[in-house]
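Engineer: let's see this in three dimensions:
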Amino acid sequence: MLRKLTVNDFDLIDSLVPPGDQRIAFGSAKMSRDRYIDYTMQCITSQHHDTYFSYAKDDSEMKTPLSMVTTLNFESVPAWAAINFKVFKGPATFNAAKNGWFYFGDLFDLKEKEGRYTFYYLKSVRPISQRRWVKTIVDQGKDFGFGVFERYKSTIEEYIPAGQQSKFAMFRISLFRNQVFPDDTIVMKWSCLQKFRNPAYLGMPEEMQKIWEENDV
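Structural biologist: Presented below is the predicted three-dimensional model:
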């Protein structure tokens, strides 16, 4: 379950964020706790940004937030980005069934109804063999849950070496927030296959959608 946050949630967010420097989403870059709280409040109040708590399905009264994510809706393209993911309960690992990401299934429904079938996020490259690291990324994709891996195709859009900036303004400004990360980082893109898209959300004739489905694309 999801709950959209407002400035009235400041005290609750402050109580949930642990002491010490904080990681930014799925990357390795960190910022001070105070700066992270300010950054989160900016995410809540900024235009085209929405921030949500996720809750377990049996937490009907929404008493225990599991994790938090901020989404950015791009204006120029029908896509969105996950830019501020934080785990509050459970292990700090990209395991959707354990870290709260699994409960953001409703978020995909919201974005798809807006016609946004593509999303981006940053991911640090771990210091292990490339083959093992790629396998880890693939396994993490399978672990998204709620049918994402079956419906969406993932690609690496850019590889940014440590200490360098993205070549693309869209990534530099929206994802990296004009920061330089200390580790190699990739821009991950997930895009829903055409046959799983609702033509009504796209303003597309149903007949055209049927032709795509017949060709299994």
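
Engineer: quick one: the strands in this structure, in order.
Structural biologist: Under the criterion DSSP state E, the chain contains strands at 2-4, 22-23, 30-31, 49-54, 67-73, 80-82, 86-87, 118-124, 152-160, 185-192.

Engineer: out of the ones you listed, nearest to residue 212?
Structural biologist: Of all these, strand 185-192 sits nearest to residue 212, with 12.1 Å by Cβ to Cβ. No exception for glycine: its C-beta is placed from N, CA and C like everyone else's.

Engineer: what's across from the most centrally placed residue in the chain in the sheet?
Structural biologist: Nearest to the mean C-alpha position of the chain, by Cα atoms, centre = their mean, lies residue 82 at 2.7 Å. Residue 82 forms beta bridges with residue 71, as assigned by DSSP bridges.

Engineer: for it, what are its contacts?
Structural biologist: Residues in contact with residue 82 (Cβ atoms under 8 Å, 6 or more residues apart in numbering) are 25, 26, 69, 70, 71, 119, 120, 121.

Engineer: if I look at it, how far off is residue 5?
Structural biologist: Distance of residue 82 to residue 5, computed by Cβ to Cβ, to the nearest Å: 15 Å.

Engineer: spell out the residue ranges of the helices in the chain.
Structural biologist: Secondary structure of the chain by DSSP state H: the helices cover 10-16, 33-45, 96-99, 105-113, 130-142, 148-151, 169-174, 199-202, 206-214.

Engineer: so which of these gets nearest residue 61?
Structural biologist: helix 10-16 (14.2 Å).

Engineer: and that closest one, what other elements does it pack with?
Structural biologist: helix 33-45 (3 or more Cβ pairs under 8 Å, 6 or more residues apart in numbering; DSSP states H and E).

Engineer: just the buried positions in the helix it packs on, please.
Structural biologist: Neighbour-count burial for helix 33-45 flags 36, 37, 39, 40, 41, 43, 44 (criterion: 16 or more other Cβ atoms under 10 Å).

Engineer: how far is that helix from where the chain is centred?
Structural biologist: How far helix 33-45 lies from its chain's middle: 17 Å, per Cα atoms, centre = their mean, to the nearest Å.

Engineer: closest to residue 165 out of the buried residues of helix 33-45?
Structural biologist: Nearest to residue 165 among these is residue 39, at 18.9 Å by Cβ to Cβ.

Engineer: tell me the contacts of the closest one?
Structural biologist: Residues counted as contacts of residue 39 (Cβ under 8 Å, 6+ apart) are 24, 31, 84.
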